[in-house]
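>>> need a 3D model of the sequence below.
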Amino acid sequence: MRQHDVPTILRRPVRDPEVEALVHRLSRRRLAVAAAVVFAAVVAVLIALLVPQRTDTPTAPSWSSEGVPCRSEPLTHVHNPTRLTVVADCATVSGIVRKVQYRPTDGNMHLTVAVDEKFRPYLRSANQGLLNVEVIPPDARYVMIPSVGKHATFFGSWVLDRNERHAAELHPAWRIVPDGVSVAHATPSPRKGSGKLSVTVDMPKAVPIGKQFQVVVRAQTSTAAKTAAASKVHVFAEITNAAGKGVGWKAAATNSLGSTSMNFIALHAPGIFVVHIYANKDGQAVAVSEPLKIRRR
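Numbers count the residues shown, from 1 in each chain. Model (predicted):
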């Protein structure tokens, strides 16, 4: 058979260099795109696994007043309130007290509570299964503190604390009702034999802006027989402006002579302020207020 008689189907096609180059470029581009897609998918998976994602919206337990009033501005008198995010002005929870601790750094009474099962869904991962309940000094005279192991119902504001990795807290709690106690009787009872607590305050009436000033608190207990200096009295000082907003806070405890001093700096604008002193010991609480004028130099 002659060469020109070879059937067309057996002939090898003629290669075009430009076409082959275009095919190679398209293939490389597809591979690059596919690799980029795979890489992006892997990165997304790693981010989802390694970086905590906050997709849940915080919620709070409902309010069951049971004769306890709700507060429209619950963060009043709370020190440094900007660190707290209010989820609900008023909320009610119940549980068992696991720990009770007074913290001199902020003057609050801290209770660690293992909430009942129905309230656990309201906790955050940072809570690690426990709820921090805080009683601030201005409320101390009205709040009964249960002993460890007691079951109680807690009334207060449901907040997230950014200083505690946004853990949920009941802060402040303005009423605690232990089981077996009525709301009307859920108030502190002074310790027998402790005597009546009283305090006096020594401080300047006016101070130039930018200057340091000192507030001295003296505490004593009085009985029918005698009056004596009161040591280890928890003292909390709060400075409020004309609008009633807190602008300064300090916590301390009286020494063996029944006194303590707290230093402040008048960094605020000139005007009239009020220094509130809250003292608490043995189930008794005393509140005293003194005016303060901050003047121009």
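>>> tell me how many other residues surround Val201.
Per other Cβ atoms under 10 Å, the neighbour tally for Val201 reads 17. To be clear about C-beta, it is placed using only N, CA and C from the backbone, and glycine gets the same treatment.
>>> how much space separates it from Ala237?
Computed as Cβ to Cβ, to the nearest Å, the Val201 to Ala237 distance reads 9 Å.
>>> so what sits against both of those two?
Residues touching both Val201 and Ala237 (Cβ atoms under 8 Å, 6 or more residues apart in numbering): 215, 217, 275, 277.
>>> name the SS class of the last one, please.
Yep, that's Ile277 we're talking about. strand (DSSP: H, G, I helix; E, B strand; the rest coil).
>>> begin at 51 from now on, thanks
Sure, I'll start numbering at 51, so the last one becomes Ile327.
>>> got the contact list for the nearest residue to it once chain neighbours are set aside?
Counting by Cβ to Cβ, 6 or more residues apart in numbering, the nearest residue to Ile327 once its immediate chain neighbours are dropped is Val338, at 4.6 Å. The contact partners of Val338, taken as Cβ under 8 Å, 6+ apart, are 249-251, 326-327, 329.
>>> can you tell me how far the residue nearest the centre of the chain is from His160?
Closest residue to the average C-alpha location of the chain: Asp211 at 3.1 Å, with Cα atoms, centre = their mean. As defined by Cβ to Cβ, Asp211 lies at a distance of 12 Å from His160.
>>> joint contacts of the two?
Common contacts of Asp211 and His160, defined by Cβ under 8 Å, 6+ apart, comprise Asn182.
>>> low-confidence ranges in this structure?
51-106 (pLDDT under 70).
>>> mind redoing it with 80?
Along the chain, the model assigns pLDDT under 80 to residues 51-106, 242-244.
>>> output the longest strand belonging to it.
Longest strand in the chain by number of residues (criterion: DSSP state E): strand 134-153.
>>> may I see the buried residues of that strand?
134, 137-147, 150, 152 (16 or more other Cβ atoms under 10 Å).
>>> with just CA atoms, put that strand into CSV.
Output of strand 134-153 as CSV, limited to C-alpha atoms (Å, rounded to 0.1, in the frame of the first residue of the first chain):
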residue,chain,number,x,y,z
LEU,A,134,-20.0,45.3,83.5
THR,A,135,-22.5,44.6,80.7
VAL,A,136,-26.0,44.4,82.0
VAL,A,137,-28.0,41.6,80.4
ALA,A,138,-31.0,42.0,82.6
ASP,A,139,-31.7,44.7,85.2
CYS,A,140,-33.3,42.1,87.5
ALA,A,141,-33.0,38.3,87.6
THR,A,142,-33.7,35.5,90.1
VAL,A,143,-31.6,32.3,90.6
SER,A,144,-31.4,29.7,93.2
GLY,A,145,-28.6,27.3,94.2
ILE,A,146,-26.2,26.1,96.9
VAL,A,147,-23.6,28.4,98.4
ARG,A,148,-20.1,26.9,97.9
LYS,A,149,-18.0,29.8,99.2
VAL,A,150,-18.3,33.1,101.0
GLN,A,151,-15.5,35.6,100.9
TYR,A,152,-15.1,39.3,101.7
ARG,A,153,-12.7,41.0,99.3
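>>> that strand: partners in the sheet, and parallel or antiparallel?
Strand 134-153 pairs in its sheet with strand 158-165 (antiparallel), strand 201-211 (antiparallel), by DSSP bridges.
>>> how far away from the center of its chain is that strand?
Relative to its chain's centre, strand 134-153 lies at 10 Å (Cα atoms, centre = their mean, to the nearest Å).
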